[in-house]
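1. no sequence for this one, just the structure:
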């Protein structure tokens, strides 16, 4: 499924909702069958959706983000939401990216805002509505190994 879209065009819109103020037409994929323009965000979401569905049809897989819990709706899917308190995420960003606290706080807030807008735009669901998931895990309460074990046990029971 090769679409010949430069990676930098997708990187600009990845996990972001389209601008309500219009958008440039940079690729022929942005012209719909009815000849109306399509935001690159929508093009990327459509391609990601195709890939997610194709992968899940072929084999067991783990999809992180990309509204996969909304795309994959079968009884054999396990929808997991891994989260952590704001302060924990700020500390993690400070350590991983060697950022000052103020910069890390700003980044976490911006990423939350972008992910929320993206998820809610493409799914019409609330991003933090934990009722959409089979399993929700606060990663500040468990080690990475414990989280993996919890997920394995849940998947085995699915």
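-> Perfect, thanks for sending it. These numbers come from a predicted model, not from an experiment.

2. Excluding residues flanking it in the chain, which one is nearest residue 63?
-> Closest residue to residue 63 apart from its sequence neighbours, by Cβ to Cβ, 6 or more residues apart in numbering: residue 52 at 5.5 Å. (Each C-beta comes from the backbone N, C-alpha and C, glycine too.)

3. Which element is encountered next along the chain beyond the host helix or strand of the one you found?
-> Secondary structure from DSSP states H and E places residue 52 in helix 40-58. Counting by DSSP H and E, the element after helix 40-58 in chain order, helix or strand, is helix 68-71.

4. Summarise which helices and strands that following helix is packed against.
-> Packing partners of helix 68-71 (3 or more Cβ pairs under 8 Å, 6 or more residues apart in numbering; DSSP states H and E): helix 40-58.

5. Show me the longest helix that occurs in this protein.
-> helix 101-123 (DSSP state H).

6. Now do the end-to-end distance for stretch 75-88.
-> Start to finish, the residues bounding stretch 75-88 are 33 Å apart (Cα to Cα, to the nearest Å).

7. Confirm for me that residue 99 is in contact with residue 92.
-> No: shown here, residue 99 and residue 92 do not form a contact pair, counting by Cβ atoms under 8 Å, at 10.4 Å.

8. circling back to that earlier point, show me what counts as buried in the longest helix of the chain.
-> 104-105, 107-108, 115, 118-120, 122 (16 or more other Cβ atoms under 10 Å).

9. by how many degrees do it and helix 40-58 diverge?
-> For helix 101-123 against helix 40-58, the angle by axes from the mean of the first three to the mean of the last three Cα atoms, to 10 degrees is 70 degrees.

10. Show me what the very next helix or strand once past helix 101-123 is packed against.
-> Using DSSP H and E, the helix or strand that follows helix 101-123 towards the C-terminus is strand 135-138. Judged by 3+ Cβ pairs under 8 Å, 6+ apart, strand 135-138 is in contact with strand 80-83, helix 144-157.
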